[in-house]
Each structure stands twice: as C-alpha cells, then as structure tokens.
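**Student:** For reference, the sequence and a predicted model appear below.
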Amino acid sequence: MRVERQPAFVLHARPYRETSLLLECLSRDYGRIGLVARGVRRERSRWPRGLLQPLVPLALGWSGRGEIATLIDAEAAGTPLQFAGEALFCTMYLNELVLRLIARYDPHGEIFALYAATLARLAERDDPAWTLRRFERDLLAELGYGLLLDAEADSGEPLVPEADYVYLPEHGPVPFAGQPRALRLRGAALLALARDERPGLADLVALRRLMRALIGHQLGGGQLKAWSLLAGLPGPAAPDEV
C-alpha cells in the first residue's frame, strides 16, 4: 500500500536503531498509524528532525503493509502551533489518550478534526480544563462510548440540576443514595457537559474525576502517565481541575 500527502500529526517519536525514528501518528483517513523514518537521525537526513515532532501539522507519505510502514515523504502542512506551560502538558495528555484509546488503522476522520480543533483551542489559551473535558466527551462518543448526560439511566427522567447523582460506567447517571465509594456529582455538572456550557469550578472538578473514572474503565482499570504530570502542575487549581 502506498499513501501520499496524508494530513497527520505525530503523537510520539522514539529512536530506532542508530539512525531512525519510530513514529506513532494520527492521520485523517487511516487513523493511528505506526511508521519508521529511516535515516532521519543522520546529519544529512532528507527531513529535518524538528519536522517529525508532535504538534506539527504534516502531510505524510508512506508505503508498506503490516503494523509498521515506511515513511517516504513528509512536509509541513501549516504553521506549527505554539504551546507553553499548562497548555503544553495538556497536549501531552491528548497524545497519550489518543495512543491508548485508538487502535491502529481504525479510521476516525472526526477524531482527527476534533484533535486538531482541540490543539488550536489550547494554543489560543482557551480554558485548558474545559477544553480537555470537551475533548474527552467527544472522543468517547466517536469511539462508540457516548455518555448519557441529561437523563437518569433507569427512569429516563430529566436530570435535576440541584440533585446529586452517581455515574455508572456503560449505564449512566442514577440518583445518589449513599452508595459507598461512589463518584458523586451534581446534575448541573452533567447538564453543563451535555449543553457544552462551561460549569463552575466545583462542577468542573467533579467532571474531571468522572472522565478519569470512565477513561480508566475503558483502559481496563489502567492509568495514563499524563495524569501524574498534570497533577504536578504548579498552582492551587491545577491538580484537581486539569
């Protein structure tokens, strides 16, 4: 198979043998792909090493079959976005989340567009915590794990903003009734996520905990390394909000 000028982003790059790189990329039409960039670490490589880095919009070409194809062309497809501080840590989280949740060669054009739009929001200094919650919500929906956010799972009754609920993975919200060790949050928090309206700080913190629990469920109880990085950010709100 030969692919040319495919819009893509590098999610992760690591050295391979003495002169090459192994790349994990998110492409528009082919989903997540694995590529080997041969000879790119030589002094006279055909591609600048800085080009094949995360967060750079690219047009890639590759050939081959199997899990790892061979990169045959790469060029910038736009101006690299600039990130610093908290926003940069958020992009590391986005990349790890995509790597862990999307299988290779499973096309998701909508996820590619969502990823690019989320990077743009972070570069424009939109609220990072709310930007991440929106991405998580939409990513899960595109993968077939859409969340019930506006009605009780059992009765179908609309959520009451002032009431407390427990969200059950793969089921939905049920009224809080003193369940032990339950993830408790207000109906207002779930409704804000459903309506795409940024909630207050307390509800935003509750949504962060909810989304981590739901993502952990999809990972079979696993954790993301970026969660630890985000928890270590300076500032009083960072550990709980982002």
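**Tutor:** Looks like it came in fine. Numbering: from 1, shown residues only.

**Student:** use CA for all of it now, contacts and neighbours both
**Tutor:** Will do.

**Student:** Quick check: next helix or strand after the host helix or strand of residue 36?
**Tutor:** Per DSSP states H and E, residue 36 falls inside strand 31-37. Later in the chain than strand 31-37, the nearest helix or strand by DSSP H and E is strand 58-63.

**Student:** Please enumerate residues in contact with that next one?
**Tutor:** 1-9, 35, 69-78 (C-alpha atoms under 8 Å, 6 or more residues apart in numbering).

**Student:** Return the subset of those residues lying in strands.
**Tutor:** 2-9, 35, 69-76 (DSSP state E).

**Student:** Next, the contact list for the residue nearest the centre of the chain, please.
**Tutor:** The chain has residue 94 as the residue nearest its centroid, 3.3 Å off, counting by C-alpha atoms, centre = their mean. Contact partners of residue 94, counting by C-alpha under 8 Å, 6+ apart, are 115, 132.

**Student:** Figure out how far the helix or strand where it lies is from the centre of its chain.
**Tutor:** Taking DSSP H and E as the definition, residue 94 sits inside helix 86-101. Between the centre of helix 86-101 and the centre of its chain there are 5 Å (C-alpha atoms, centre = their mean, to the nearest Å).

**Student:** That one: what's the following helix or strand?
**Tutor:** The helix or strand immediately downstream of helix 86-101 is helix 109-123, counting by DSSP H and E.

**Student:** What's the local residue count around the closest residue to residue 64 other than its chain neighbours?
**Tutor:** Counting by C-alpha to C-alpha, 6 or more residues apart in numbering, residue 64 lies nearest to residue 1, which is 5.3 Å off, once chain neighbours are set aside. As a burial measure, residue 1 scores 8 neighbours (other C-alpha atoms under 10 Å).

**Student:** contacting residues around residue 1?
**Tutor:** With C-alpha under 8 Å, 6+ apart, residue 1 has these contacts: 63-65.

**Student:** Let me know the pLDDT of the residue in the chain sticking out farthest from the centre.
**Tutor:** No residue in the chain sits farther from the centre than residue 44, which is 34.2 Å out by C-alpha atoms, centre = their mean. What the model reports as pLDDT for residue 44 is 77.

**Student:** again with the one 5 residues further on
**Tutor:** With respect to pLDDT, residue 49 scores 69.

**Student:** What separation is there between the residue nearest to the centre of the chain and residue 25?
**Tutor:** 13 Å (C-alpha to C-alpha, to the nearest Å).
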